[in-house]
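**Q** coords please:
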Amino acid sequence: MAEELALPTVVARMWGREPVTRRGPRPRLDLARIVAAAIEIADVEGLAGLSMGSVAAQVGVATMALYRYVGSKDELLVMMADGAVPPPPERGDLAWRDYLAVWTRANRDFLLGRPWMLSVDRLTPPMGPRRMLWLDRVLAALADTALDEGEKIRAATALTGYALADASLVLGMRPADAEDGVGGAAGYGRVLAELLEPEAYPALSGAVRSGVFEGVEGWTEDSDFVFGLDLLLDGIEALNARRS
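**A** Numbers count the residues shown, from 1 in each chain. Model prediction:
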């Protein structure tokens, strides 16, 4: 009989697989309430305002009391990165390519709604139940293709990475976020035009001076997102055609 795998503590807690003990006083809190309080703080103040102390104050306990439920702040961040994720979009009767487009856009949009997640997402590969629902749904859509299981996982990873990268670009290019006049695509282009020497950067310098960054809202219009997404989906579709 195979030996049962000992799950990492934070993973066991997210999945409700941590051993239950009957000893000691009855818990005053539950993990879901702690994670919800931490997410509420991060939504308002960002990760800069998040600490074990601020979460403890939010739920009305002493800081040390939290460690009965969460081993560390890093563990809490991992749980937040899963707990803040909404349910994946329903597929309905969409074709696999159309669903992947909807899925990737929804993935990007919930990151835009909670910018603090862009930092947390890089801490660890997702292992929580909410994230796994997203992966399950995209794999279910790709079941309609001829890709093998490894290719399906890699396709999902590529789409997730694109959603993350696009959300980072959109937030970084927002003019309202800049205090020095460099914000937005136009400002970014002006800075590059000043810095780039045509002899050292001939191709990039020519592109910048052609005005590629001018005339769009942050160089992050919906058409920019769709352009990159279509490149990925075209690649998946071409691979599917080869496998068929």
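**Q** run the chain-centre distance for the lowest-mean-pLDDT helix or strand in the chain.
**A** The weakest-scoring helix or strand in the chain, judged by mean pLDDT, DSSP states H and E, is helix 184-195 (a mean of 78). Computed by CA atoms, centre = their mean, to the nearest Å, the chain-centroid distance of helix 184-195 equals 27 Å.
**Q** with just CA atoms, put stretch 74-81 into PDB.
**A** C-alpha atoms of stretch 74-81 as PDB (Å, rounded to 0.1, in the frame of the first residue of the first chain):
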ATOM      1  CA  ASP A  74       3.600  34.100   4.100                       C
ATOM      2  CA  GLU A  75       1.100  31.300   4.700                       C
ATOM      3  CA  LEU A  76      -1.600  33.900   5.000                       C
ATOM      4  CA  LEU A  77      -0.600  35.400   1.600                       C
ATOM      5  CA  VAL A  78      -0.800  32.000  -0.100                       C
ATOM      6  CA  MET A  79      -4.300  31.500   1.300                       C
ATOM      7  CA  MET A  80      -5.300  35.100   0.300                       C
ATOM      8  CA  ALA A  81      -4.100  34.400  -3.300                       C
END
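**Q** report the buried residues of that stretch.
**A** For stretch 74-81, burial by neighbour count (16 or more other CB atoms under 10 Å) applies to 75-81. For the C-beta atoms, the positions are set from N, CA and C on the backbone; glycine is no exception.
**Q** tell me how the protein divides into domains.
**A** 9-83, 85-173 (automatic domain parsing).
**Q** correct me, but residue 69 touches residue 34?
**A** Yes: the pair residue 69 and residue 34 passes the contact test of CB atoms under 8 Å, sitting 5.6 Å apart.
**Q** who's more crowded, the two?
**A** Residue environment comparison for residue 69 versus residue 34 gives the larger neighbour count to residue 34, 25 against 22, counting by other CB atoms under 10 Å.
**Q** in this structure that one contacts residue 71, no?
**A** No: judged on CB under 8 Å, residue 34 makes no contact with residue 71 at a distance of 12.0 Å.
**Q** list the residue ranges of this protein that fall below the pLDDT cut-off.
**A** Under the criterion pLDDT under 70, the flagged ranges of the chain are 1-4, 19-27, 121-124, 174-185, 215-221.
**Q** determine the longest helix present in it.
**A** With secondary structure taken from DSSP state H, the chain has its longest helix at helix 149-172.
**Q** report all helices and strands that that helix contacts.
**A** Using 3 or more CB pairs under 8 Å, 6 or more residues apart in numbering; DSSP states H and E as the contact criterion, the secondary-structure elements in contact with helix 149-172 are helix 96-113, helix 117-120, helix 129-142, helix 222-243.
**Q** which parts of it are buried?
**A** Under the neighbour-count criterion of 16+ other CB under 10 Å, helix 149-172 has 151-152, 155-156, 159-160, 162-164, 166-170 buried.
**Q** for residue 115, which non-adjacent residue is closest in space?
**A** Leaving out its chain neighbours, the residue that sits closest to residue 115 by CB to CB, 6 or more residues apart in numbering is residue 171, at 5.4 Å.
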